[in-house]
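Visitor: only geometry, no sequence info:
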């Protein structure tokens, strides 16, 4: 399985489909397979549902550092954010129900491990271990094959952050209290969003029903994000860093409305009175 | 000196823990004390609702525990009172999102900035309950004068006593008419069965459901007798010896048959 | 099947006979709410009674380990010798533990343990136990504890249907909504609105059934109005559904009929206009 992929002008490290340590061992192997080749490259790590310890993260940094690779972005669960921020690394929150997925992943891994026979189990360990051993031996200069002098390092490619393409999450059904949808991109709900439910999107939020929970659009700072609902009755509205909590009572029957930021405050207007921004698809 | 840390619990659900937490906290705040209320019912939070503060929630208990914000950022100051703040629970999480140690440390932090910390305990005796009492030094057990509530209160008193926690009792929703006809246990009966020190007796009141729906603690209503009742409980909690006065039941029957012990 | 032991009160265990077991699997219904004190246990006791009075074989399971109450509502607390955990841990057989109801011959109770904890219940064994009961009974009603923790999860595990009980209060609606979300796609829960006080609804001091269901969006199984009589019967250990007359008893019977698949007209709430409320409306009550 390829865990290291070229993405645009940088690299992506996909740790979400395997065990974290396994992935690191393989990464180490790959980098030392071709020393200098990746030097200067920018890398984004997709940690997926894993919750790595500080030691594991330090190991990742060390391996990348040894290969001359710069970690410029990481995507994964919320708890990685402070770690990323400390290092000036861009962070992206990954898909909903990260907790459940992590648990699933761990449980799945345990299940998978349990199903292996003794013989098979040692093989799996051997592969990961073997690559790590090779890397170690190379570091100590104990290679069995004579290597040619490495070619002079290619000029470092310009450093850019690789963004995963944002998607729109489309949910049909009522969202109940305690349920949450988090999305990089937009969120559309066909149904009600009950009090106690939560929608968080980096883009827009549209509810084809009654929005009564908490909605946070433009969650990564986009003040142009909007919140639409057939019936806007939210406990709390948030757009980027603005919060509106005491929406005045609506006069008359409910009508479709949109919330947006104007002059640093959230304003709510009927949908048909709204000036639409750029035509066609807004780049989200 | 750090605050008194009191958990308000019951075992049985629906007997009035949250309403008691809100009103007792408010009553003490009205007496000039600095009060912090903490909702420990992760996943089924209601304290914010009962105080009408649900729209002002930005951070919650679990985010404080995870270190994503400071306690003071999460505390919601109730503008109706001089010194009442609320730390809401998380709604989209479960009771295992926090450990007993984490909870106790947050309570300790709150205790440094207040005179009283009240912990609104979830129903039951599982993890949520265990975490809630981990933060407390004292317990107030709320019960109604019904056999099933008393049985559950008994269980909880036992657990609190195991932890050497002083326990005091509030008998909630008493209906003097029904005590008279023998259809409801009297306060004396309840205290005898539970052998706990009585802190207060709160009569059943039609208005109270409406106040919790509207998010306005009943102690704000000057015309309601419950305001006086909670104030007396607050005073007793402070150490004053307030006698359990009789009061006239508002109902026609009550007036016909005279007063009954309450207060 | 198990050897039927004769014990003191042997007539009771003789009732639980494998030979009379229904051929098809019975229905396992969990009665839950999230919020405590809304009437789950009362509903379980009364619904079970109403179903049994129609001739069905009904088993009730009290899943509130450590805080058991179903036995009190049925007046059976002095007859419990073995409980749920004893059966799960194979210290007793089902026949030992199932207690026959005092009033309804085809109603049986499996009580919870009082001195144990909820996390001592093995989820898989609980599921298997409910399966076994379904082989012998037409209905298995599971009284769920308050909350959404282990106790809740264990109560739900063996069920294939759910009834949620809600009172017309904002906090109850919030909690029930959460529970419905947690129950997930496996269940299509039906709603019972409990403790309604129509006079207060009229005065605008209580949520109406429509208010409650405009958030919950659930099929309405029944509406029970608040009545002091219910508390009285609870304390006496005689479920109100046993009464021949009275609107609460009829309401439970209607719910039982609906569960059994009968086409019973939609629940309505009528309330008697008392003298005082009529006076009140003369002076311009709101709503």
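Guide: That came in fine, so what should we check first? A quick note: this is a predicted structure, and the numbers were derived from the prediction, not measured. Residues are numbered from 1 along each chain as shown, chains lettered A, B, ... in the order given.
Visitor: in terms of helices and strands, where is the closest residue to chain A within the stretch 151-287 of chain C?
Guide: Nearest residue of the stretch 151-287 of chain C to chain A, counting by C-beta to the nearest C-beta: residue C:181, 3.0 Å away. Any C-beta I mention is one placed from the backbone N, CA and C, and that applies to glycine too. In this structure, residue C:181 is located in helix C:170-183 according to DSSP states H and E.
Visitor: now do the helix or strand harbouring residue B:153: everything it contacts.
Guide: Per DSSP H and E: residue B:153 is located in helix B:147-162. Helix B:147-162 is contacted by residues B:9-12, B:15, B:125, B:129, B:133, B:139, B:141-143, B:167, B:169, B:185, B:190, B:193-194, B:196, C:41, C:66-69, C:72-73, C:114, C:234-235 when judged by C-beta atoms under 8 Å, 6 or more residues apart in numbering or on different chains.
Visitor: can you check stretch B:51-68 too?
Guide: So stretch B:51-68 is in contact with A:78-79, A:82, A:195, A:235-236, A:243, A:245-246, B:22, B:37-40, B:42, B:45, B:48, B:69-71, B:73-74, B:76, B:78, B:86-91, B:93, B:97-98, B:102-103, B:106, B:214-217, going by C-beta under 8 Å, 6+ apart.
Visitor: among these, which are within reach of chain C?
Guide: A:195, B:91 (C-beta under 8 Å from any C-beta of the partner chain).
Visitor: dump the residue contacts of whichever residue of chain A sits closest to chain C.
Guide: For chain A and chain C, the shortest gap (C-beta to the nearest C-beta) falls at residue A:176, measuring 3.0 Å. Going by C-beta under 8 Å, 6+ apart, residue A:176 touches A:194, A:196, A:197, C:177, C:178, C:180, C:181.
Visitor: circling back: quick one, which of the contacts of helix B:147-162 are buried?
Guide: For the contacts of helix B:147-162, a neighbour count by 16 or more other C-beta atoms under 10 Å in any protein chain shown gives the buried set as B:9-12, B:15, B:125, B:129, B:133, B:139, B:141-143, B:167, B:169, B:185, B:190, B:194, B:196, C:41, C:66-69, C:72-73, C:114, C:234-235.
Visitor: in strands, which of the residues you listed appear?
Guide: Within the buried ones among the contacts of helix B:147-162, residues falling in strands by DSSP state E are B:9, B:139, B:141, B:142, B:143, B:167, B:169.
Visitor: roughly how far does the fourth one sit from chain A?
Guide: Read it as residue B:142. 24 Å (C-beta to the nearest C-beta, to the nearest Å).
Visitor: confirm for me that that residue is in contact with residue B:167.
Guide: No - applying C-beta atoms under 8 Å, one finds residue B:142 not in contact with residue B:167, separated by 11.3 Å.
Visitor: residue ranges for the strands of the stretch 151-287 of chain C, please.
Guide: In the stretch 151-287 of chain C, the strands defined using DSSP state E, counting those that start in this stretch lie at C:161-166, C:190-196, C:220-225.
Visitor: which strands or helices does the last one pack on?
Guide: This points to strand C:220-225. strand C:190-196, helix C:209-216, helix C:247-259 (3 or more C-beta pairs under 8 Å, 6 or more residues apart in numbering or on different chains; DSSP states H and E).
Visitor: in its sheet, what does that strand sit against?
Guide: Strand C:220-225 has the following strand partners under DSSP bridges: strand C:190-196 (parallel).
Visitor: residues near residue 232, how many?
Guide: Using chain A. 24 (other C-beta atoms under 10 Å in any protein chain shown).
Visitor: that's the other chain; I wanted chain B
Guide: Around residue B:232 there are 20 residues (other C-beta under 10 Å).
Visitor: perfect, I'm done here.
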